[in-house]
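Peer 1: Dropping the sequence and predicted coords here.
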Amino acid sequence: MKTVLCVLALLLSPLVTAVEWNNPFDGIESGEYRIITTLGLGSGELQLNNQRDFFGYVSVGVTPAVGVWQVNLQFSRFDDNHVRINQVGLNFKVDFTLNCYVQCLYWMAGWNYADVDLNDVRKYGYWYHNKDKWHLYDIYDKEKDWYYDGHYYHVIDASGSDSFWNLGVGYRFMWNQDFDTSIEYNYNDINSIYRVNLGHLRTLSLNFSYRF
């Protein structure tokens, strides 16, 4: 136990002896941190439909003047005519190395909240429910106390919301200290909405970022 306390004391000592807390607003005013805005345009493919369609996002965040990492509040939209996903989330971008002055590879991770709208989505297989009969030929299962039907698919029109994580990688090219372009690939682990398993959403986008 004494060893653990000694290690904690060594780790926390720089914080205890700090003269003042590094206020991020003061850091922005002094130029230590910069505000970064990004517009991304591209396409996405939802596992449910396996068809590629429009994806885009905008974000605003904070990054050190030397780069290395970004923290962004991001709003994105995906629409393949049957599923529309509007999501907002907190996203982190971290360079793989500490000396990316012109071009760099980086990884991303984030947590998102999404509103999902299903428009004429086909749900294949049996559809189980605990309410009264939905169709004339619904069959009642006494042991499980539910109805099920033999229709091959149902057409679902519904909406819902869920939270999920995303992971990705990107490549960035700095044209100057203020402007850069990047290419990003993201994997979004979306869950089920209204008992319809959407699967994952994979996106590829070309992004334009400006630092203030």
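Peer 2: In hand now; what should we look at?

Peer 1: need the contact list for the residue nearest to Asp95 when sequence neighbours are not counted.
Peer 2: The spatial neighbour of Asp95 that comes closest, neighbours along the chain excluded (CB to CB, 6 or more residues apart in numbering), is Tyr106 at 4.7 Å. The C-beta positions use only the backbone N, C-alpha and C, and glycine is treated the same way. By CB atoms under 8 Å, 6 or more residues apart in numbering, the residues touching Tyr106 are Lys93, Val94, Asp95, Phe96, Cys100, Val169, Gly170, Tyr171, Arg172.

Peer 1: One more: Leu118?
Peer 2: Counting by CB under 8 Å, 6+ apart, the residues that Leu118 touches are His82, Val83, Ile156, Asp157, Ala158, Ser159, Gly160, Ile193, Tyr194, Val196.

Peer 1: So which of the residues you listed is the closest to Thr38?
Peer 2: Set against Thr38, the nearest of the contacts of Leu118 by CB to CB is Val83 (24.2 Å).

Peer 1: The closest one pairs with what?
Peer 2: Counting by DSSP bridges, Val83 forms beta bridges with Leu118.

Peer 1: That one: neighbour count?
Peer 2: 22 (other CB atoms under 10 Å).

Peer 1: okay but Asn166 is in contact with Asn186, surely?
Peer 2: Yes. Between Asn166 and Asn186 there is a contact under CB atoms under 8 Å: 5.3 Å.

Peer 1: Overlap in contacts, the two.
Peer 2: Residues touching both Asn166 and Asn186 by CB under 8 Å, 6+ apart: Met108.

Peer 1: lowest average confidence, helix or strand, in the protein?
Peer 2: helix 2-16 (a mean of 45; mean pLDDT, DSSP states H and E).

Peer 1: where does this protein dip in pLDDT?
Peer 2: Across the chain, the ranges flagged by pLDDT under 70 are 1-31, 122-154.

Peer 1: quick check, Thr97 in a helix?
Peer 2: No. Counting by DSSP: H, G, I helix; E, B strand; the rest coil, Thr97 falls outside a helix, being coil.
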